[in-house]
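>>> next comes the sequence, and after it the predicted model I'd like to discuss.
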Amino acid sequence: FRLPRLLIDEPYGAPAQDYKKYDILLLVGLGIGATPLISIVKDVLNNIKQQKEIEEELAENGLKDIKKKPFATRRAYFYWVTREQGSFEWFRGVMNDVAEHDKEGLIELHNYCTSVYEEGDARSALITMLQAIQHAKSGIDIVSGTRVKTHFARPNWRQVFKHVAVNHADQKIGKP
């Protein structure tokens, strides 16, 4: 399997620019640089909620035709990589809101804490075990304090890109 060739050219533009025209979003935020991407996640979530309300209202009234154009984004992947465990507090409310309202799993959240040893490393085995027990009991991650499970070290970008490419082969994928 060959990974796609990526070309990046200046100027970069605003991170949130033109994201609504893509079927699939791949959002990657590093540290506090995740702030504009969180706004995108919130907008996608709000559009999901709004679309559901419209569909429920149409169903109640026995109507089938929808006049409002559906939101283009069908799936969003958000990868947040940060060194500090405390950083996860910044967007705790948004992460929990996504977990609560996105029942179909259209927004996939991934937190990565790079100040801890990699998953599988003997030094991180205890925290990984405690994390798994706590998450199973309460649904809350001990590292982020949210429903989003935290991973350790950096993401395996090769696997991330492959996963998105394989699952969305014929769709327009954007990385704002």
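On my side now, so go ahead.
>>> this structure: helices as residue ranges?
35-60, 92-101, 125-138, 157-167 (DSSP state H).
>>> how about the ones you listed, which one is nearest residue 173?
Minimum separation from residue 173 across the helices of the chain (C-beta to C-beta) falls at helix 157-167, 6.3 Å. (C-beta placed from N, C-alpha, C; glycine too.)
>>> so which elements touch that closest one?
Here helix 157-167 touches strand 24-30, strand 75-82, going by 3 or more C-beta pairs under 8 Å, 6 or more residues apart in numbering; DSSP states H and E.
>>> for it, C-alpha coordinates in CSV please.
Taking Å, rounded to 0.1, in the frame of the first residue of the first chain, the C-alpha atoms of helix 157-167 are listed here in CSV:
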residue,chain,number,x,y,z
TRP,A,157,1.0,8.9,11.1
ARG,A,158,1.5,6.2,8.6
GLN,A,159,-1.3,4.2,10.2
VAL,A,160,-3.5,7.3,10.6
PHE,A,161,-3.2,8.3,6.9
LYS,A,162,-3.7,4.7,5.8
HIS,A,163,-6.8,4.3,7.9
VAL,A,164,-8.3,7.5,6.5
ALA,A,165,-7.3,6.7,2.9
VAL,A,166,-8.7,3.1,3.0
ASN,A,167,-12.0,4.0,4.7
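>>> for the chain, what helix or strand is lowest in average pLDDT?
Comparing helices and strands within the chain by mean pLDDT, DSSP states H and E singles out strand 173-174 as the least confident, with a mean of 80.
>>> sheet partners, orientation included, of that strand?
Using DSSP bridges, the strands paired with strand 173-174 are strand 24-30 (parallel).
>>> which residues touch the partner strand?
Applying C-beta atoms under 8 Å, 6 or more residues apart in numbering, the set of residues contacting strand 24-30 from outside is 19, 35, 37-38, 40-41, 44, 73-82, 160, 164, 168, 171-176.
>>> rewinding a little: tell me the most buried of the helices of the chain?
Most buried of the helices of the chain by mean neighbour count (mean count of other C-beta atoms under 10 Å) is helix 92-101; its value is a mean of 17.
>>> just checking, what packs against it?
Helices and strands touching helix 92-101, as assessed by 3+ C-beta pairs under 8 Å, 6+ apart, comprise helix 35-60, strand 107-113.
>>> closest to residue 23 out of those?
helix 35-60 (11.9 Å).
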